[in-house]
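Enquirer: Just the structure for this:
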Amino acid sequence: MKLVILDRDGVINHDSSAFVKSPDEWVALPGSLEAIARLSQAGWRVVVASNQSGLARGLFSTETLNAIHAKMRSELAQLGGHIDSIFLCPHGPDDGCACRKPKPGMFLDIAHRYDIDLQNVPAVGDSLRDLQASADAGCTPWLVLTGNGRKTWDTGDLPAGTQVGDNLAAIVDLWLEA
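Expert: Here you go, the predicted structure:
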């Protein structure tokens, strides 16, 4: 099984320092949904792993988050793509949970759900915590330079073996050409 794990904000859609709090605020990055559709059509399983502390902060409800994800899935379906599942951490930064990135809990849950060893499974993120969580779980971390990616790149100190791409479409091009 070919599996890829994607962060949401900054990788698939525009990120916001004020959080993406409604379906209207969720706007796909250019080429990201087309890239996911190409992965789907090539037989890959696409999984999203996303910190969503806006839930714990009371910025939006579970129903609103579900509506945001319904919009993402609907726009993707129109292009012939599919997200197999969405894993999220609803906790705040100080809640001490095991699922909030940079901890690898969400990734370990994905490995358990799909009964797969995450060794060499690509995981794309735009922040250091995304890369740290994926590397700690055994994935191959990929930094995308959209969202917070350029700032993450400039800060440096990336996990060993981190690969870099301009955007999700460029990374998917590399995978599908291999």
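
Enquirer: Please name every helix or strand in contact with the top strand by length along the chain.
Expert: When the chain is parsed with DSSP state E, its longest strand is strand 45-51. Contacts defined by 3 or more Cβ pairs under 8 Å, 6 or more residues apart in numbering; DSSP states H and E place strand 45-51 against strand 3-6, helix 32-41, strand 85-89, helix 105-114. Quick note: C-beta positions are derived from backbone N, CA and C, even for glycine.

Enquirer: Surely Val47 and Asp84 touch.
Expert: Yes - counting by Cβ atoms under 8 Å, Val47 does reach Asp84; the two are 5.6 Å apart.

Enquirer: Neighbour count: these two, which is higher?
Expert: Per other Cβ atoms under 10 Å, whichever of Val47 and Asp84 has more neighbours is Val47, with 21 against 15.

Enquirer: Run through the bridge partners of that one.
Expert: Using DSSP bridges, the bridge partners assigned to Val47 are Ile5, Ser85.

Enquirer: Quick check: the gap between it and Arg57.
Expert: Here Val47 is placed at a distance of 25 Å from Arg57 (Cβ to Cβ, to the nearest Å).

Enquirer: how about the strands of the chain, start to end?
Expert: 3-6, 45-51, 85-89, 122-125, 140-144, 163-165.

Enquirer: Run the chain-centre distance for the last one.
Expert: Looking back up the chat, that one is strand 163-165. 14 Å (Cα atoms, centre = their mean, to the nearest Å).

Enquirer: buried stuff in the top helix by length along the chain?
Expert: Ranked by residue count and defined by DSSP state H, the top helix of the chain is helix 62-77. Within helix 62-77, the residues that count as buried by 16 or more other Cβ atoms under 10 Å are Thr64, Leu65, Ala67, Ile68, His69, Lys71, Met72, Glu75, Leu76.

Enquirer: For it, list the C-alpha coordinates in CSV.
Expert: Presented in CSV, the C-alpha positions along helix 62-77 are these (Å, rounded to 0.1, in the frame of the first residue of the first chain):
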residue,chain,number,x,y,z
THR,A,62,-16.6,20.2,16.0
GLU,A,63,-19.6,20.8,13.6
THR,A,64,-17.7,23.7,12.0
LEU,A,65,-14.6,21.6,11.7
ASN,A,66,-16.6,18.9,10.0
ALA,A,67,-18.0,21.5,7.6
ILE,A,68,-14.5,22.7,6.8
HIS,A,69,-13.4,19.1,6.0
ALA,A,70,-16.6,18.5,4.0
LYS,A,71,-15.7,21.5,1.8
MET,A,72,-12.2,20.2,1.4
ARG,A,73,-13.4,16.7,0.4
SER,A,74,-16.1,18.1,-1.9
GLU,A,75,-13.6,20.3,-3.8
LEU,A,76,-11.2,17.4,-4.0
ALA,A,77,-13.9,15.0,-5.2
